[in-house]
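A.B. asks: Predicted model follows, preceded by the sequence.
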Amino acid sequence: MKTLDAICVTSIVAAVISLPFWIIFAWPIWSSKVNTAVPQWRERIADASTVIFIAGVLIAFAAASTAQEIAHNEVVAKLRSITHDYTVSVNGRGIGNPEQILGVLQSIDWLPAHHSNPTKRITLDVGDRTSHVVLSLARDSNNPQEYWVFSPNGFITRENEIGRIRTNLLDSY
């Protein structure tokens, strides 16, 4: 996961660094209505900055998407491996219905987007002797029964959801 975080950040940095070169060298060439000869060195910088910018953006998106999918699969697998003698806490406090919460968490899925955003976050800690999962859940701005699930373990997945759940069990938090 840390490798994907590094690839994503490096790609974004490369794209940001190449952008001024693209603006200075490529944009005037492409937007010019006059077919004048352009020095070869200028064309090379324009081409390189274009390729670096586009590749940086595409690689960053691919790394982020892959990190989200891997985190989703890892979290679901860990949650499904928890069987008995486990604890569930919300914001550091134990809860009275851990079986129901674990059941809902095991159903993390990719729900359709509906032009909303995450709001207030809560931290969920689930674990037994062999497995431990910390998740950040944020209530949906349109549907108070829907929660966006984040994994605070990665740079990418800290702010990009790894799935969503629907439940009313967390309404009091």
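C.D. replies: Yep, it's here. Numbering: from 1, shown residues only.
A.B. asks: rest of the way, CA atoms for contacts and neighbours
C.D. replies: Noted.
A.B. asks: Ala63 and Asp128: what is the separation?
C.D. replies: Using CA to CA, to the nearest Å, one gets 31 Å for the distance from Ala63 to Asp128.
A.B. asks: neighbour-wise, which of the two wins?
C.D. replies: Here Ala63 and Asp128 are set side by side on neighbour count (other CA atoms under 10 Å), and the busier one is Ala63, at 22 against 15.
A.B. asks: ok, the more buried one touching Ala6?
C.D. replies: No - between Ala63 and Ala6 no contact is recorded; they are 9.1 Å apart, counting by CA atoms under 8 Å.
A.B. asks: Downstream of the helix or strand bottoming out on mean pLDDT in the chain, the next helix or strand is which one?
C.D. replies: Across the helices and strands of the chain, mean pLDDT, DSSP states H and E gives its lowest value to helix 27-31, namely a mean of 75. Scanning forward in sequence from helix 27-31, with DSSP states H and E defining helices and strands, the next element found is helix 40-81.
A.B. asks: strands paired with the helix or strand following that next one, and their directions?
C.D. replies: Using DSSP H and E, the helix or strand that follows helix 40-81 towards the C-terminus is strand 87-90. Here strand 87-90 has these sheet partners by DSSP bridges: strand 93-94 (antiparallel), strand 118-127 (antiparallel).
A.B. asks: now for these, which one comes closest to Gly103?
C.D. replies: strand 118-127 (11.5 Å; CA to CA).
A.B. asks: Who are the contact partners of the spatially closest residue to Ser107 that is not a sequence neighbour?
C.D. replies: Nearest residue to Ser107 in three dimensions, chain neighbours excluded: Ile165, at 6.9 Å (CA to CA, 6 or more residues apart in numbering). Listed by CA atoms under 8 Å, 6 or more residues apart in numbering, the contact partners of Ile165 are 104-105, 107-109, 111, 146-149.
A.B. asks: would Ile165 count as being in a strand?
C.D. replies: Yes - read with DSSP: H, G, I helix; E, B strand; the rest coil, Ile165 is one of the residues of a strand.
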